[in-house]
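**Q** Predicted model follows, preceded by the sequence.
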There are 2 protein chains.
Amino acid sequence: MIKSWVESANKPSCEFPVNNLPYGVFSRTDGLLRCGVAIGDFVFDCSAAEEQGLLEVSKAPILSKSVWNPLMESGSATWSELRERLMDFFVEGSTKQSLVQSLLYPLSEVNLHMPFNVAEFTDFYSGKHHASNVGTMFRGQENALPPNWLHMPIGYNGRASSVFVSGTNVHRPWGQLKSTKHENPAFLPSRRFDFELEMGAIVGKNSNAPVSTEEADAMIFGYVMLNDWSARDIQAWEYQPLGPFQAKAAATTISPWIVTSLALDPFRISAPDRDVELLPYLKETNPSFYNINLEVFLSPAGTEEHLISRTNYNEIYYSAAQQLAHHTSSGCPMRVGDLLGSGTISGSDRNSRGSMLELSWGGKEPLNLGNETRTFLQDGDTVIFRGGAKTSDYKVGFGECIGKVMPALENPIST
Amino acid sequence: MIKSWVESANKPSCEFPVNNLPYGVFSRTDGLLRCGVAIGDFVFDCSAAEEQGLLEVSKAPILSKSVWNPLMESGSATWSELRERLMDFFVEGSTKQSLVQSLLYPLSEVNLHMPFNVAEFTDFYSGKHHASNVGTMFRGQENALPPNWLHMPIGYNGRASSVFVSGTNVHRPWGQLKSTKHENPAFLPSRRFDFELEMGAIVGKNSNAPVSTEEADAMIFGYVMLNDWSARDIQAWEYQPLGPFQAKAAATTISPWIVTSLALDPFRISAPDRDVELLPYLKETNPSFYNINLEVFLSPAGTEEHLISRTNYNEIYYSAAQQLAHHTSSGCPMRVGDLLGSGTISGSDRNSRGSMLELSWGGKEPLNLGNETRTFLQDGDTVIFRGGAKTSDYKVGFGECIGKVMPALENPIST
């Protein structure tokens, strides 16, 4: 651990030591949005530091635009420079302490907002256990993985407009539901509303042509935790043959802190064993997977939290770099702020599954939560993701990714 | 027809009479992007008119931002006011003629650019003949339409980053192709590259909750012609179970002119007969379909154009208003600049089909083009859409939606 004069940053339990320095957007009582970096129990006001001339890393201001996209656009040399400047501010013995400490605000006293403008959102399906579990439920164990699955990171385009920051309430969506008992669908609130535990990678550089996995890896600015809320019953009826659409459009929640690729460098690991050899455009040259522990807690209204799943980002079969290389393979342009969901991250055993669909095995095996049971999410349930990487003496965390399920809005269309 | 002092606007063959006034973005030799409106053989420089104080329709400038999004954001009262002001400029006997005529430039001397920033792009599948044709080819006549098709406008999210203006060359995409002869896929340029004839609707108003079809209809600013380029072989291998992804990501081409909903009002028609009753949230209260003739021409390199299809937007089963209402049904927020593709527009007979896949019936029945034949598109082929609505004495057109197929780029990733 790099020690800091900010005492709380040195606690072994702290997610935000000098080694992390994740980027977020916060407001104080005046409501103004500011770019900030988390250090210990505080957020440092980068916007103010830039305005005061303490933190100029580019000719034009890039830290006072209420989002982190301008830093991404300024290029990877600036990503490194800002990180070094911030480390220099907060390291133990820094000569800058007296200059910067007045710009620290307790995290407990600020509100957190969307850390970046999402250009477009793509969601992959690269969790092998998840794809196997879902496939087994719907098609049987023999045909669990689709034929293309081992050859490419399959994915679909989601909606950027419904990506929200942690803490945003999520209304149970309406949609067309079709039961096997009825000939026709009905328009009703989803009855099988679910979370999906994912990581999100943020593209920090534009591309206009296919890129290699190595180039793709260098384009990724950082990572967030991501909850891809899913209405299983809407999806079951709508998804053939064009894939998920309104089932995934109500909301996607991300953690408030972007942990940079630079901060995650010590936690890189190699790819899992391959069942079949990948095509050359998908082969990784450098380790582009990460060892990041992830936990899911479920808290029914008015009760304590229950740990319902514990897994690791290393369960993913295709890295974000591989997903991004595949995304560009057709020539599809990628832009700063594009967000790539990993796909649901499930481990091999029951306690490591990343969705209620899997945890309750399609609703057949309810989970026990103290005095209650759950198959899918009920109104009032709060879902909390926590996660981070750690060494023997420090942690690098993402904060929490929280969302509470609210009742469906009143029937929007009179019948 | 409303007569104009711009003589060329009064010709019966002219697509741009006073009744139309479509919006585009153009540049002259200085390369500066300006908002313009087409009238006769000319484009009128709306940006300059606003700058000169001739065309102030809002407190802040909205016509000098190189795209039409700011007008959309200003609200539908301003949409109407701008149209009335422009009509007043160009109508025969206008007192403004001497003030505005110096801001007219021949269309033949300007370049046209993207008329708006695409927020997100959604592509529907609402052409019944198209869905039936494709379904028949792949699943047989009995199962041609998916079970959900008659109950909702199914669709998928596409990529906004690859929406280009007419005239942009389109490189044949690379992708994973899997033949039945080989056990594994190969990474190759698409061999079944195709166009899709569609119309695109542009959302001009934000929403954050479900809207009715009537509200949705009022949210649509205007329409463009749209070519949803498709790599059939990439799609065949990738699309299960998450739908089209890289097969549709290389490019989508739109016409340079946005024909406003206001200009298309006289061409509204009622919905087609319904095979099953629609759910209340999808029922239309006012006619939201349009009678717009559409033609597709194919021009192999160095040869003349061949008319290969002639159809009508009225072949669509779900209107853009119904698609938009469905899009919001889950609570999905919609934003100014969202683009909704209609789905491929095919008529009932062979000469009215909207894709090579259908025209050549999966490649089995090649089309004759003079001395050549075609199943799918070859390098050097130019695809041209033309279309418009007409009364007995005037036309309202979209200009041309053109794209030329270029060879695949060199293998982007060394093998």
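**A** Noted; the coordinates are in hand.

**Q** Skipping adjacent residues, who's closest to the residue in chain A positioned nearest to chain B in space?
**A** Minimum separation of chain A from chain B (C-beta to the nearest C-beta) falls at A:G243, amounting to 2.5 Å. Heads up, the C-betas are built off the backbone N, CA and C, glycines and all. On the basis of C-beta to C-beta, 6 or more residues apart in numbering or on different chains, the spatially nearest residue to A:G243 that is not a chain neighbour turns out to be B:G243, at 2.5 Å.

**Q** Quick check: that neighbour is in a strand.
**A** No - membership of B:G243 in a strand is not supported by DSSP: H, G, I helix; E, B strand; the rest coil, which gives coil.

**Q** can you give me phi and psi for it?
**A** Here the main-chain torsion angles of B:G243 (degrees, to the nearest 10) amount to phi 90, psi -180.

**Q** which residues touch it?
**A** The contact partners of B:G243, by C-beta atoms under 8 Å, 6 or more residues apart in numbering or on different chains, come to A:Y156, A:Y239, A:P241, A:L242, A:G243, A:P244, B:Y156.

**Q** one more time with 6 Å, if that's ok
**A** Under the criterion of C-beta atoms under 6 Å, 6 or more residues apart in numbering or on different chains, the contact list for B:G243 reads A:Y156, A:L242, A:G243, B:Y156.

**Q** One more: A:L339?
**A** Contacts were defined as C-beta under 6 Å, 6+ apart; by that measure A:L339 touches A:V118, A:F121, A:G200, A:I202.

**Q** how much distance is there from the host helix or strand of A:V25 to the middle of the chain?
**A** Taking DSSP states H and E as the criterion, the element that holds A:V25 is strand A:23-27. For strand A:23-27, the distance from its own C-alpha centre to the chain's C-alpha centre is 16 Å (C-alpha atoms, centre = their mean, to the nearest Å).

**Q** May I see the buried residues of stretch A:306-318?
**A** If you call a residue buried by 16 or more other C-beta atoms under 10 Å in any protein chain shown, then stretch A:306-318 has these buried ones: A:H306, A:I308, A:S309, A:R310, A:T311, A:N312, A:Y313, A:N314, A:E315, A:I316, A:Y317, A:Y318.

**Q** Got the phi and psi for the third one?
**A** Spelled out, that is A:S309. The phi/psi pair for A:S309 (degrees, to the nearest 10) is phi -160, psi 150.

**Q** That one: what's it in contact with?
**A** A:S309 is in contact with A:V296, A:S352, A:R353, counting by C-beta under 6 Å, 6+ apart.

**Q** try 8 Å
**A** When contacts are taken as C-beta under 8 Å, 6+ apart, A:S309 is in contact with A:L197, A:L294, A:E295, A:V296, A:S346, A:N351, A:S352, A:R353, A:G354, A:L359.

**Q** cool, and A:E238?
**A** A:E238 is in contact with A:G175, A:Q176, A:P244, A:F245, A:Q246, A:A247, B:N148, B:M152, B:I154, counting by C-beta under 8 Å, 6+ apart.

**Q** Break down the stretch 51-200 of chain A into its helices, ranges please.
**A** The residue ranges that make up the helices of the stretch 51-200 of chain A, judged by DSSP state H, counting those that start in this stretch, are A:69-73, A:76-90, A:97-100, A:128-139.

**Q** Of those, flag the one that's most buried.
**A** Per-stretch averages of neighbours, counted by mean count of other C-beta atoms under 10 Å in any protein chain shown, single out helix A:69-73 among those, with a mean of 21.

**Q** by contact count, what packs against that helix?
**A** Contact partners of helix A:69-73 among helices and strands, from 3 or more C-beta pairs under 8 Å, 6 or more residues apart in numbering or on different chains; DSSP states H and E: helix A:76-90.

**Q** Thank you, goodbye.
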